[in-house]
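J.: what follows is a predicted protein model with its sequence.
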Amino acid sequence: MSKPSNILILKTASLDGLGELIRFPLWWYSAGLLQTSKKLLHSVSGSVRYFGVDVWSKNLFVPMYGETSITGRVISFLVRFFVLIARSLGVMLWMAIACVLGLLYVLALPVAVIGFVTHLLGLL
């Protein structure tokens, strides 16, 4: 009685494993890619909040320290403008890094498969 059940368990486990192996690339490029893209977009929007670009752009024309003279307004605008540019460069740098990470995600599976196959052929 134990022999047929062991064979049944082995057959079921191998078929299930083969099915998962076939479904994995489909998940990688559908649901996995969607999840990764959402996380990267959330990370970029978080970097906008982290660098405070929205706050600095809202207050671009507000004089600093309540200085309402013409020179105070010009100096306040220039300082905030250059700080806003520097912070925007930080956001753009993080956007570039997020794009590279997304590209690495897309290329990781084929590179892993190619490496596995070439290593396997090298062993044979």
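T.: Ah, there it is.

J.: what's the helix ranked longest in the chain packed up against?
T.: Counting by DSSP state H, the longest helix found in the chain is helix 70-123. In this structure, helix 70-123 makes packing contacts with helix 2-29, helix 31-51, helix 53-58, judged by 3 or more Cβ pairs under 8 Å, 6 or more residues apart in numbering; DSSP states H and E. From N, CA and C alone the C-beta is placed, and that goes for glycine too.

J.: save the ones you listed as JSON lines, and put in mean pLDDT, mean neighbour count and distance to Ile85 too.
T.: Below are the helices and strands packed on helix 70-123 laid out as JSON lines (pLDDT from 0 to 100; neighbours: other Cβ atoms under 10 Å; distance: least, Cβ to Cβ, whole Å):
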{"stretch": "helix 2-29", "mean pLDDT": "85", "mean neighbour count": "10", "distance to Ile85": "38"}
{"stretch": "helix 31-51", "mean pLDDT": "95", "mean neighbour count": "14", "distance to Ile85": "11"}
{"stretch": "helix 53-58", "mean pLDDT": "93", "mean neighbour count": "13", "distance to Ile85": "10"}
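
J.: let's have the ones you listed in CSV, adding distance to Gly102.
T.: Supplementary listing: the helices and strands packed on helix 70-123 in CSV, determined by distance: least, Cβ to Cβ, whole Å:
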stretch, distance to Gly102
helix 2-29, 12
helix 31-51, 6
helix 53-58, 21
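
J.: closest to Gly90 out of those?
T.: Nearest of the helices and strands packed on helix 70-123 to Gly90, taken as Cβ to Cβ: helix 31-51 at 5.0 Å.

J.: what's the closest one in contact with?
T.: 54, 87-88, 90-91, 94-95, 98, 101-102, 105-106 (Cβ atoms under 8 Å, 6 or more residues apart in numbering).

J.: also stretch 59-74?
T.: 75-77, 79-81, 84.

J.: gap between the two ends of it?
T.: For stretch 59-74, the first-to-last residue distance is 13 Å (Cα to Cα, to the nearest Å).
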